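1. I would like the atomic coordinates for the input below:
(one chain, ligands or ions: 4)
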Amino acid sequence: MKLTNLIKALRVYRTTKSIEHIDVTGLEMDSRAVQRGNVFICINGYTVDGHDFAKQAEEKGATAIVAERPLPVSIPVIIVNDSQRAMSKLANHYFNNPTQQFRLIGVTGTNGKTTTSYLIDSIFQTSQQQTGLIGTIQMKIGNEEYEVKNTTPDSLFLQKNFAKMAEQKVDTAVMEVSSHALDLGRVHGCDFDVAVFTNLSQDHLDFHKDMDDYLRAKSLLFSQLGNAYKSNVKYAVLNQDDPHYTSLMKSTAQEVITYGIDSHADITAQQLYVTAQGTTFMLTTPDGEIEVKSSLIGRFSVYNMLAAASAAWISGISLETIKQAFENTPGVSGRFEPILSGQDFGVIVDYAHTPDSLENVLQTIKSFATKRIFVVVGCGGDRDKKKRPLMAQVAVKYADQAIFTSDNPRSEDPASIIADMEAGVEEGSYIVIQDRKEAIHKAIEQADSSDVVLIAGKGHETYQEINGQTLHFDDREVARESILAHNQ
Ligand SMILES: CC(=O)N[C@H]1[C@@H](OP(=O)(O)OP(=O)(O)OC[C@H]2O[C@@H](n3ccc(=O)[nH]c3=O)[C@H](O)[C@@H]2O)O[C@H](CO)[C@@H](O)[C@@H]1O[C@H](C)C(=O)N[C@@H](C)C(=O)N[C@H](CCC(=O)O)C(=O)O
Ligand SMILES: Nc1ncnc2c1ncn2[C@@H]1O[C@H](COP(=O)(O)OP(=O)(O)OP(=O)(O)O)[C@@H](O)[C@H]1O
Ligand SMILES: N[C@H](CCC[C@H](N)C(=O)O)C(=O)O
Ligand SMILES: [Mg+2]
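-> Ligands and ions are numbered 1, 2, ... in the order given. Below you'll find the model as predicted:
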């Protein structure tokens, strides 16, 4: 592609030199990965400033630089107001607007994004469509699986892989859209057809100034849905039971479809039964209803199913297909995942890492646990410190024994993270075992017939990040080893 063509993606920019007759072989945001003919985009990051690497990019063969200020290089510099957002537009144009070539469903909210995305993927697969998925655990295109670094990756990764999805004739793609991504413009230029909201509760107050700022970031997905009078119809799927519903409803010019259990929503779950084996409910829509029997556990799982059903229903998928998908879905890795190793007590590995998700999961366990509940829980380092005492309070409220331990301490001292948790609860209402393996072992060692052990926070993760090192760690493996030792 010619640079003069690529630049058509931007309306407002200045150049330091003529950009005529320059060929572009690709876009790159990391100077270390620049190849001959690439346009290097300088991003001022959280760790370093990409502008400092412009010279290195030039030496590696970049033909032009996109930056927020003039730079001492001999190749043309294209000066923009915001290079992160310019990158999204350029990438979208370079890869030929890939998200206009298939249905794109975005899922945002504090909890339930991954689960809802997998449910949506499963429904469209059941409907014989070719699907794509991007989220916390992985990216999938058809049956191929790929690693991802972020829940919502940067715009270069996104647009490149959306182009791959378009090439592989994907009909429907679903992606998790994090508040970080919305705030940083990673999804600018993505043409969402359906935007789904799960819920909002406290998290990420390290990144967002306060809850209002967090809500504002989430609402960008709905305002980004476009102008209802210009393009094809797009839909906002909103949880009407969530207190932030009205604010989000007002942030979109598109048609809104609501779901909920308590309110008079468009899509609801009636005759709801939640047991230790799963959930049964009547999925009710404006044009019919169908009974669903799912192995997913907890009222919160019904919300995820309603969100997924709403996105599918509005896209024209039949209720029979939705039911079939829900009834065949085994659940998502590390989300309320039972560990069954022949023991006579329950062991559940779950990804609850916010006060609200921990409360939802513990309420669910409490509603069917016949004996004691043990909770092993920690909080991530270099992340929202304000949620630590709240998570501790929730654990202590529901557990017969709460064991505070390490999650991913990252660059923080594990003991000081645990001290932040302890600040929220009374002394003597919990025990501390800093080593996560030992903590899991201790909980399982004490469990008797019909007790339940919840291991919260790391779910599908197969690593533990401690002081710059990423070490292998899998709650499920450790739980199985501990059960084996218990059974002997
Ligand atoms: C805070 C944050 O969002 N950081 C993201 C950001 O990294 P950063 O700002 O530290 O980047 P940086 O290292 O300062 O580099 C700045 C620029 O200089 C460039 N560079 C750097 C070094 C060099 O030698 N040459 C060079 O060109 C880099 O390529 C980059 O373009 O840009 C990276 C590339 O896109 C992201 O991977 C990274 O996410 C990190 C890993 C992260 O942990 N992010 C979390 C907070 C996050 O985004 N989480 C959300 C939500 C999770 C959820 O709730 O589900 C998510 O979507 O994942
Ligand atoms: N609808 C829900 N409401 C409240 N809690 C939920 C809901 N769905 C799932 N959870 C809880 O949140 C945890 C994480 O679920 P999931 O991975 O689906 O959410 P997520 O929004 O993708 O999280 P992340 O922000 O880490 O990507 C689950 O393990 C469960 O404990
Ligand atoms: N996507 C979440 C993951 C948290 C997982 C938890 N294990 C932790 O490390 O805090 C976040 O970045 O906040
Ligand atoms: Mg997720």
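
2. List the contacts of the residue of the chain found nearest ligand 3.
-> Using Cβ to the nearest ligand atom, the closest approach of the chain to ligand 3 is made by residue 380 at 2.0 Å. All C-beta spots, glycine's among them, are computed from the backbone N, C-alpha and C. With Cβ atoms under 8 Å, 6 or more residues apart in numbering as the criterion, the residues that contact residue 380 are 353, 407-410, 457.

3. burial count for the closest residue to ligand 2 within the stretch 151-300 of the chain?
-> Taking Cβ to the nearest ligand atom as the measure, the point where the stretch 151-300 of the chain comes nearest ligand 2 is residue 300, at 3.8 Å. A count of nearby residues for residue 300, using other Cβ atoms under 10 Å, gives 23.

4. ok, how many other residues are close to the closest residue to it other than its chain neighbours?
-> Counting by Cβ to Cβ, 6 or more residues apart in numbering, residue 360 is the residue found nearest to residue 300 once chain neighbours are left out, at 4.2 Å. For residue 360, the number of neighbouring residues by other Cβ under 10 Å comes to 24.

5. which residues touch residue 360?
-> Contact analysis of residue 360 by Cβ under 8 Å, 6+ apart lists 111, 298-300, 352.

6. wait, which of those is closest to ligand 4?
-> Ranking these by separation from ligand 4, with Cβ to the ion as the measure, puts residue 111 on top at 8.7 Å.

7. Show me where this protein dips below the pLDDT cut-off.
-> Across the chain, the stretches falling below the confidence threshold (pLDDT under 70) are 227-231.

8. Could you rerun that using 80?
-> Across the chain, residues meeting the criterion (pLDDT under 80) sit at 226-232, 369.

9. Longest helix in it, by number of residues?
-> Of all segments of type helix in the chain, defined using DSSP state H, the longest is helix 299-314.

10. Now do the helix or strand following it and helix 299-314, the angle between them.
-> Secondary structure here is assigned by DSSP states H and E; on that basis, the next helix or strand after helix 299-314 toward the C-terminus is helix 319-328. Here the directions of helix 319-328 and helix 299-314 differ by 150 degrees (axes from the mean of the first three to the mean of the last three Cα atoms, to 10 degrees).

11. list the helices and strands helix 319-328 packs on?
-> Applying 3 or more Cβ pairs under 8 Å, 6 or more residues apart in numbering; DSSP states H and E, we find helix 319-328 packed against helix 113-126, strand 279-285, strand 288-294, helix 299-314.

12. now it, how far from the centre of its chain.
-> With Cα atoms, centre = their mean, to the nearest Å as the basis, helix 319-328 stands 23 Å off its chain's centre.

13. So which elements touch the helix or strand just after that helix?
-> Downstream of helix 319-328, the next assigned helix or strand under DSSP H and E is strand 337-338. If contacts are counted by 3+ Cβ pairs under 8 Å, 6+ apart, strand 337-338 sits against strand 346-350.

14. and the following helix or strand past the strand it packs on, anywhere near ligand 2?
-> Once strand 346-350 ends, the next helix or strand along the chain (criterion: DSSP H and E) is helix 355-368. Yes. For helix 355-368 and ligand 2, the contact criterion (Cβ under 6 Å from any ligand atom) is met by 356-357, 360-361.

15. repeat for stretch 136-148
-> Yes. Contact of stretch 136-148 with ligand 2 (Cβ under 6 Å from any ligand atom) involves residue 136.
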